[in-house]
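Visitor: Predicted model follows, preceded by the sequence.
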Amino acid sequence: MIVDASAVVAIIQSEPDATDLLALMRAADVLHMATPTALELTIALGRDQVERTRNILAEMGIRLVDFTTEQQEVAQHAFARYGRGSGSKARLNFGDCIVYALAKVMDEPLLFKGDDFTHTDITPAITRG
C-alpha cells in the first residue's frame, strides 16, 4: 500500500478517521512512501520536525521509495490529466502527482485523506461512502 502524507497527518492529529486509517495501515503487508512525500510530511508537521518525521515513518513501518525517472514521467501525465488547471475535479497538486505516480508504478492501492484522488483512476485503499 502507498501512503500519502495526508493519511499520516490525520493519524498524528487524531482526526475522526484516524482509527480507520491506522487499522488499514496495520493490516497491509507492506507500506511505501515516496521520498518527496516524506519531505511533504515534514513540511506539514513543521520545519523543526525532521527527526520526528523519521521516527513516525519508522514506527509505522513505512518504507521510503526513491523517486525515479519513470515515476516522474507518470507524475507529468497525472498533472496533465488531473492537475490543477486541467479541468479535472481532482485538481492534483505537486505532492499529489508524486504519490499518484508511485501508486501507479508500483501498482498498489493508495491510502489518502480527502477526495482529490477519488476523481482519478487510482485504486484507493479505503472505500469512501
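Guide: Alright, I've got the coordinates. Since this is a predicted model, take the numbers as computed values, not measurements. Numbers count the residues shown, from 1 in each chain.
Visitor: The closest residue to I126 other than its chain neighbours: neighbouring residues, count only.
Guide: Leaving aside its chain neighbours, I126 sits nearest to L24 (5.9 Å; criterion: C-beta to C-beta, 6 or more residues apart in numbering). Every residue, glycine included, has its C-beta placed from N, CA and C. Burial of L24 is recorded as 18 neighbouring residues (other C-beta atoms under 10 Å).
Visitor: ok, now how distant is L24 from P16?
Guide: 15 Å (C-beta to C-beta, to the nearest Å).
Visitor: most remote residue from the protein's center?
Guide: Seen from the C-alpha centroid of the chain, the residue lying at the greatest distance (C-alpha atoms, centre = their mean) is G87, 21.9 Å away.
Visitor: OK, contacts around it?
Guide: Not one residue lies near G87 by C-beta atoms under 8 Å, 6 or more residues apart in numbering.
Visitor: Could you give the secondary structure assignment for it?
Guide: coil (DSSP: H, G, I helix; E, B strand; the rest coil).
Visitor: that older thread, quick one, what contacts the residue nearest to I126?
Guide: 1, 111, 125-126.
Visitor: which stretches of this protein form helices?
Guide: With DSSP state H, the ranges of helices along the chain come out as 5-12, 18-27, 35-45, 50-60, 69-82, 94-106.
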